[in-house]
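J.: Dropping the sequence and predicted coords here.
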Amino acid sequence: MDNRQPKETQMNSKKWMIGVAVLAVSASLAIAAPHEGGRGHGQGRGMWGEKLAQKLNLTDAQKQQLRDMNQKFREDNKAFFQSFRQTMQEFRAAKEANDTARLDSLKPTIDSQRAQMKQLRDAKEQKFLSILTADQRAQFEALKAQRSERWQKRNPQ
């Protein structure tokens, strides 16, 4: 029996979790973030943030608070995100090279960064919730539940 199968399955599971974490942070960073017009990087994210702002019926003042909060979040965590990107580049290179020793050595760093990413995301969400009214918070939680349900249908465990 091949002993690598469970390890490969475990690596794929971790890869999905990391991808989800990156997606979640990217989406949270994009909520109502100002974006320049035109094509290219960030255009879709700004549209997603605007859709959320419309669905929650955010006021102009709330949108500005959110933009300011997003800007501060990006500035405060710039070094961490750079480090995370570097780790993921190393992980992908090690995976392509089938360097299991390197993959094993990156595991603690990836686990630590994943935990830190979750903490950042949770703290950012709490700040976001603090600028919403009770009705908007309820609507946001409902939208989150719908998104989670759709994700579960697409990615059954």
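T.: Perfect, thanks for sending it.

J.: Next up, phi/psi of residue 57, please.
T.: Per-residue torsions, residue 57: phi 60, psi 50 (degrees, to the nearest 10).

J.: Verify the contact between it and residue 140 for me.
T.: No - counting by CB atoms under 8 Å, residue 140 is not a contact partner of residue 57; they are 11.1 Å apart. (Each C-beta comes from the backbone N, C-alpha and C, glycine too.)

J.: which of the two has more neighbours?
T.: The neighbour comparison of residue 57 against residue 140 (other CB atoms under 10 Å) goes to residue 140, with 17 against 11.

J.: In terms of secondary structure, what does whichever strand or helix holds the more buried one contact?
T.: According to DSSP states H and E, residue 140 maps onto helix 134-154. Helix 134-154 is packed against helix 43-56, helix 100-130, with contacts defined by 3 or more CB pairs under 8 Å, 6 or more residues apart in numbering; DSSP states H and E.

J.: Can you give me the separation between residue 101 and residue 107?
T.: 11 Å (CB to CB, to the nearest Å).

J.: So those two - more neighbours on which side?
T.: Remark: of residue 101 and residue 107, residue 107 carries more neighbours, 14 against 8, as counted by other CB under 10 Å.
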